[in-house]
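Participant: Need coordinates for the below:
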Amino acid sequence: MDKNIAIEFQNVGKQYRLGLVGTGTLSHDLNRWWQTTILRKEDPYLKIGEVNDRSTKGHSDYVWALKDISFKVEQGDVVGIIGKNGAGKSTLLKLLSHITAPTTGHITYKGRIASLLEVGTGFHPEMTARENIYMNGSIMGMTRQEITRKLDEIVDFAGIERYLDTPVKRFSSGMTVRLGFAVAAFLEPEILVVDEVLAVGDAEFQKKAVGKMKEVSSLGGRTVLFVSHNMPAVKTLCKNGIVLENGQISYMGTAEDCVNRYLHEEFADDHIFDITKDIDVRSKLFHIEDIKLNGGIPQKFNLDDNNNLIDITISGKIDIPMNVEFIAQIYDCNSILIASYVPTNSTGRYYKFDSGEFIIHELLSIPDTLTNGEYRLKIDLTLRNIEYLAIIPKLAIFVKKDKISKYTGAELTNMNIGYIFIDEQK
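Facilitator: The predicted model follows:
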């Protein structure tokens, strides 16, 4: 292992049998032991497992939570690991933290590892915060004098001085994760492993935690593996990234490239709208039967400066007279609100329908300040000032291209919040 490499995964895999411990039967366990331990052959059950695609029904009871994972992390690097729920991110960190062992492959690393994988990781609920700090430090190989020297910093960062001698079981989840992160970060591990637990903390703590991880990596030369669904935090904190999909590495590169690739895949797969699945109807009295976008079925399409109009027609039936308000919103691929269609006069903007069939027809003009990229069109239909009738979170994905904007992404986002669409019909 190269002296500059802090962590190395070599063809690492982790296999489970769904719903069961071990292989599920004594005969399978004995066969696995005989083949691998006595005959020194390959595990016979490794060949029949399937990748971990949680959205489809498999044909085998064996599943690979991770398969053929190989990568290296240099000392002092901050690596963001991103992917969908169930992609294998937490399993990867648990393997590195020795919570579970890999089924195949080898993991090598240099130095002490501090892990924060779940709220309260490594804490004994009956022990006080002070006792847990000393216990965790001892487990990491710290001397009592070293822990005592860091104690005040840990307590101050966690903000739990008043509760230092209170059993941890009486802490809230936010207090517990603050203490856990402080212990992991301040006891000077060579490798810091952090899962999505920071989401439990408040905004102030998250800001402090990200700042501390930056300090640990840049000034202390320590290595950080950071799992998060907070894409701006990954971009800000991490230098490099890994995208996991169904237990396998789908992409490795800079953190920014990884985030952009992940968001593109998540946000704008070839979008074909399904009226039976893509509408959240909130009222039993309101029924949507058909939606037309630019005269056809809703789908992904291109939009440019010469074609900046979106024609929407929604039809169906209502059981009682209603005043229906139409609200349209545009989000970018980071789920940031870019523009809104809002009421345009003092009496409000709504459709007044009697019971029976209804038609809503709107022609939206898209702001010409949008930069190149992909955007999502969301529609809300509300019973005016009372409740939601239906929410269409992704009526269409549209692509803005062939335009060079004079604005930066940040300026554009700030400028366009609350932008008013112009209705060309009325």
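
Participant: what about the helices in the protein?
Facilitator: Under the criterion DSSP state H, helices of the chain are mapped to 26-33, 89-96, 129-139, 144-158, 173-186, 203-218, 231-237, 255-267, 409-416.

Participant: Would you mind saying which of those helices lies nearest residue 112?
Facilitator: Evaluated with Cβ to Cβ, the helices of the chain place helix 129-139 nearest to residue 112, the distance being 9.8 Å. Placement of C-beta: from N, CA and C, glycine included.

Participant: for the record, mean pLDDT for that closest one?
Facilitator: Taken as a whole, helix 129-139 has an average pLDDT of 89.

Participant: repeat for stretch 223-234
Facilitator: 85.

Participant: so how far is residue 157 from residue 166?
Facilitator: From residue 166 over to residue 157 the distance is 17 Å, taken as Cβ to Cβ, to the nearest Å.

Participant: In terms of neighbours, single out the busier of these two.
Facilitator: residue 157 (19 against 14; other Cβ atoms under 10 Å).

Participant: Which residue, neighbours along the chain excluded, lies closest to that one?
Facilitator: residue 182 (4.4 Å; Cβ to Cβ, 6 or more residues apart in numbering).

Participant: which residues sit in contact with that neighbour?
Facilitator: Residue 182 makes contact with 153-155, 157-158 under the criterion Cβ atoms under 8 Å, 6 or more residues apart in numbering.

Participant: among those residues, which ones are buried?
Facilitator: Buried subset of the contacts of residue 182 (neighbour count, 16 or more other Cβ atoms under 10 Å): 154-155, 157-158.

Participant: Could you single out the nearest of those to residue 262?
Facilitator: residue 157 (30.6 Å).

Participant: confidence score at the residue nearest to residue 157?
Facilitator: So, for residue 182, pLDDT stands at 86.

Participant: quick revisit: okay if I get the helices of the chain as TSV plus distance to residue 337?
Facilitator: Formatted as TSV, these follow (distance: least, Cβ to Cβ, whole Å):
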stretch	distance to residue 337
helix 26-33	53
helix 89-96	28
helix 129-139	40
helix 144-158	33
helix 173-186	27
helix 203-218	18
helix 231-237	15
helix 255-267	14
helix 409-416	9
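
Participant: By mean pLDDT, show me the worst of those helices.
Facilitator: Across these, helix 409-416 gives the lowest mean pLDDT, at a mean of 34.

Participant: that older thread, which one of the buried ones among the contacts of residue 182 is nearest to residue 398?
Facilitator: Distances from residue 398 to those, taken by Cβ to Cβ, are shortest for residue 157, at 45.0 Å.

Participant: so that closest one touches residue 215, yeah?
Facilitator: No. Between residue 157 and residue 215 there is no contact, the gap being 11.3 Å when judged by Cβ atoms under 8 Å.

Participant: is it true that residue 398 touches residue 299?
Facilitator: No. Counting by Cβ under 8 Å, residue 398 stays clear of residue 299, with 9.7 Å between them.

Participant: that older thread, residue 2 is nearest to which of the helices of the chain?
Facilitator: helix 89-96 (17.8 Å).

Participant: now the closest one: how far from the chain's centre is it?
Facilitator: 16 Å (Cα atoms, centre = their mean, to the nearest Å).

Participant: For the remainder of this discussion, apply numbering that starts at 40.
Facilitator: Okay, using 40 as the starting number, the last item reads as helix 128-135.

Participant: other SSEs contacting that helix?
Facilitator: With contacts taken as 3 or more Cβ pairs under 8 Å, 6 or more residues apart in numbering; DSSP states H and E, helix 128-135 sits against strand 44-56, strand 101-113, strand 117-122, strand 143-148, strand 152-155, strand 230-233, strand 262-266.

Participant: Comparing the ones you listed, which yields the minimum mean pLDDT?
Facilitator: strand 152-155 (a mean of 82).

Participant: quick check: domain ranges of this protein?
Facilitator: 44-150+229-306, 319-462 (automatic domain parsing).

Participant: of all those, which gets the most neighbours per residue?
Facilitator: The highest mean neighbour count among the domains of the chain, using mean count of other Cβ atoms under 10 Å, belongs to domain 44-150+229-306: a mean of 17.

Participant: gap between that one and the chain center?
Facilitator: With Cα atoms, centre = their mean, you get 14 Å for domain 44-150+229-306.

Participant: same deal with stretch 187-203?
Facilitator: So, by Cα atoms, centre = their mean, the centroid of stretch 187-203 is 30 Å from its chain's centroid.

Participant: Below-threshold pLDDT in the stretch 290-439 of the chain: ranges please.
Facilitator: Residues of the stretch 290-439 of the chain that meet the criterion pLDDT under 70 lie in 303-311, 343-346, 381-388, 424.
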